[in-house]
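J.: one predicted model, sequence on top.
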Amino acid sequence: MSTLIRSKLSGKGIYAITNGPRDDLFAAVEAALAGGARLLQYRDKTADAERRRSEADEISRICARYNVPFIVNDDVALARDTGGGVHLGREDVSIAEARAALGPDAIIGVSCYGSIERARQLQGEGADYLAFGAMYPSPTKPHAPVAPHDVLTQAKALGLPIVAIGGITVDNARVLIDAGADYLAVVSAIFAAPDIQTATRRFADLFEPGIIR
Ligand SMILES: Cc1ncc(COP(=O)(O)OP(=O)(O)O)c(N)n1
Ligand SMILES: Cc1ncsc1CCOP(=O)(O)O
Ligand SMILES: [Mg+2]
């Protein structure tokens with residue numbers, strides 16, 4: 001069993017990720033947090049900078065009320081201006097550039113897709129968590145290649161929190177936790193659910209077996 005070498009993230013749990021504009025965005029985020037999400041990412045691939053800024057600002061406040069880290073997808077300037085961390089993929093800026101803008105305390109997470117070599121490289125560059133996936137075909141990102149589950153197990157040796165993403169549902173999640181995922185990153189099975197709080201709670205319960213609510 002490996003130990004975490006350097007982590008700003010404590011524990012395990014659900015990483016809820018928003019998916020673009022919606023009229024009830026703030027209520028949806030609040031429901032996910034009330035349901036037990038332990039990390040929240042603002043992911044909005046639109047180009048409406050003004051709306052993105054005001055939404056990120058409000059969501060960062062909501063996360064602060066729940067004491068849950070707030071992460072911005074792709075956009076380091078928006079992360080800096082809203083006091084958040086950032087998630088970086090292969091199309092995004094380097095960890096060094098993000099770190100220079102956000103400082104040593106900010107959470108910087110990275111996409112490793114299915115590559116343990118990329119994970120090793122990014123761990124060396126100072127990533128705070130390593131995300132792998134898609135683990136299953138994803139309704140949100142249908143063209144994302146599917147990664148093998150054992151990449152999660154291999155990545156444990158790198159000593160950072162491991163995030164699994166892509167097509168995760170309550171019914172297919174258990175094997176990912178067993179393979180080594182510390183966090184399950186979920187878009188549609190939370191934010192497209194008719195009852196977001198209950199959907200998140202069902203996921204969160206996977207990390208707390210035996211708790212009777
Ligand atoms: C936790 C987490 N993992 C992976 C991604 C995907 O990042 P990326 O490959 O940059 O793709 P986009 O999300 O930017 O379309 C993520 N956002 N979060
Ligand atoms: C951003 C991203 N990267 C790989 S899959 C994915 C989307 C995950 O969304 P869903 O939980 O709906 O499959
Ligand atoms: Mg990206």
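T.: The structure has been received and is ready for your questions. Numbering: from 1, shown residues only. Ligands and ions are numbered 1, 2, ... in the order given.

J.: now Phe132, what are its backbone angles?
T.: Dihedral pair for Phe132: phi -120, psi 140, per degrees, to the nearest 10.

J.: what is the subsequent helix or strand relative to the lengthiest helix in the chain?
T.: In the chain, assigned by DSSP state H, the helix with the most residues is helix 49-66. Counting by DSSP states H and E, the next helix or strand C-terminal to helix 49-66 is strand 70-73.

J.: got the CA coordinates for whatever helix or strand comes next after that following strand in CSV?
T.: Using DSSP H and E, the helix or strand that follows strand 70-73 in sequence is helix 76-82. Provided in CSV are the C-alpha atoms of helix 76-82 (Å, rounded to 0.1, in the frame of the first residue of the first chain):
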residue,chain,number,x,y,z
VAL,A,76,-6.3,29.6,-14.8
ALA,A,77,-7.2,33.3,-14.8
LEU,A,78,-10.7,32.5,-13.7
ALA,A,79,-9.4,30.2,-11.0
ARG,A,80,-7.1,32.9,-9.8
ASP,A,81,-9.8,35.5,-9.7
THR,A,82,-12.3,33.3,-7.8
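
J.: and the helix or strand that comes right after helix 76-82 with ligand 1, contact?
T.: Sequence-wise, the next helix or strand downstream of helix 76-82 (DSSP H and E) is strand 85-88. Yes: shown here: strand 85-88 in contact with ligand 1 (CB under 6 Å from any ligand atom) through His87. Placement of C-beta: from N, CA and C, glycine included.

J.: do you know the pLDDT at the closest residue to Gly180 other than its chain neighbours?
T.: Distance criterion CB to CB, 6 or more residues apart in numbering; nearest residue to Gly180, sequence neighbours excluded, is Leu152 at 4.1 Å. Per-residue confidence (pLDDT) for Leu152: 98.

J.: which stretches of this protein form strands?
T.: Along the chain, counting by DSSP state E, strands occupy 13-17, 39-42, 70-73, 85-88, 108-113, 129-133, 162-165, 183-186.

J.: fine, thanks again, bye for now.
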